[in-house]
Each structure stands twice: as C-alpha cells, then as structure tokens.
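J.: Predicted model follows, preceded by the sequence.
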Amino acid sequence: MSFFRRRGRPNVVVRARLALEIVVLYGRVRRAMPRQPFGATLASLRAPLADRSGPDDRLLAYRLAWAVERVLARLPTDSRCLYRTLVLAGLLARRGIPVRVVIGVCTQPHFTAHSWIERDGEALLPTGGPGFRRLTEL
C-alpha cells in the first residue's frame, strides 16, 4: 500500500482497508500473546519480509503509527502500549520498514513498564516520558 507516499489524504476505501489491516493484525497479536512468548509473537509478525525501506519511509512510518493510534483508540480493544507496538511493528514489517521495539521501565514513584517503536532513533509511538529507561530493544 503505497497510498501514504503520495501527498494529500487517501480516499475512504484506502483508509478503510488500512483500518481493516490494523484490526486483523490486532486480532493476530491478541490471539498470539497468551500462547507464546513476546519475542516469538514479534518474530512471527516480522518473519516473512526483508528490508525494502527507502528514504521516504520516515513519513510513511509516522503516518502508520498515527493510524494505529487512531483505529485502536476508537475500538473496544485492549489498546495498551504493548498491543499498539506489536500491531505497528507488523504493519511496518509488511512494508519492509525495519524498526526497533523498545521496552522501558520506570521505578519512581512506582514500577511501570512501557513499550514503543523507534526508527532511526526516533520514537514513532509515545515513549512514556523522561523517567523511563530502556530495558531491552528487539
């Protein structure tokens, strides 16, 4: 789907297809998470594709992140950061755009964990704030 590469707003059919793709990926993630470890779920979302990214994929990655946030926020789904992160990782992998999945923690005032996606060192999803330190990158 190279529709995000063009200027202007995609038509209704194209936006509906993207929303459907997000919902289908969410369903895959939701089914996989209780059955297998996080790393295996992420690997299954990334598995079939090689790096085909180009110089204009930065904007595409941001637009897809925005779309994931919007679609999952409007649905009666579990839209916590881990699910958003995995869905976006799957969308970007389908388009051959390599990203890093980051899991961070904050211990003050209480323990909290958060996950997000980075491309070339830039966060595509919210990072959780300055108190979070990286625990791992995948």
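T.: Perfect, thanks for sending it.
J.: avg pLDDT for the helix or strand harbouring Ala93?
T.: Secondary structure assignment for Ala93, by DSSP states H and E: helix 81-94. Mean pLDDT, computed over helix 81-94, is 93.
J.: Please enumerate residues in contact with that helix?
T.: 21-22, 25-26, 28-30, 33, 38, 41-42, 45-46, 48-49, 61, 64-65, 68-69, 72, 77, 98-99, 101, 114-117, 119, 124-126, 128 (C-beta atoms under 8 Å, 6 or more residues apart in numbering). Quick note: C-beta positions are derived from backbone N, CA and C, even for glycine.
J.: What residue, apart from its backbone neighbours, is nearest Glu122 spatially?
T.: Nearest residue to Glu122, sequence neighbours excluded (C-beta to C-beta, 6 or more residues apart in numbering): Arg58, at 7.8 Å.
J.: Whatever helix or strand the one you found lives in: which residues count as buried?
T.: Arg58 is part of helix 57-74, with elements assigned from DSSP H and E. Buried positions in helix 57-74, judged by neighbour count with 16 or more other C-beta atoms under 10 Å: 57, 60-61, 63-65, 67-69, 71-72.
J.: Then stretch 35-48?
T.: 38, 41-42, 44-46.
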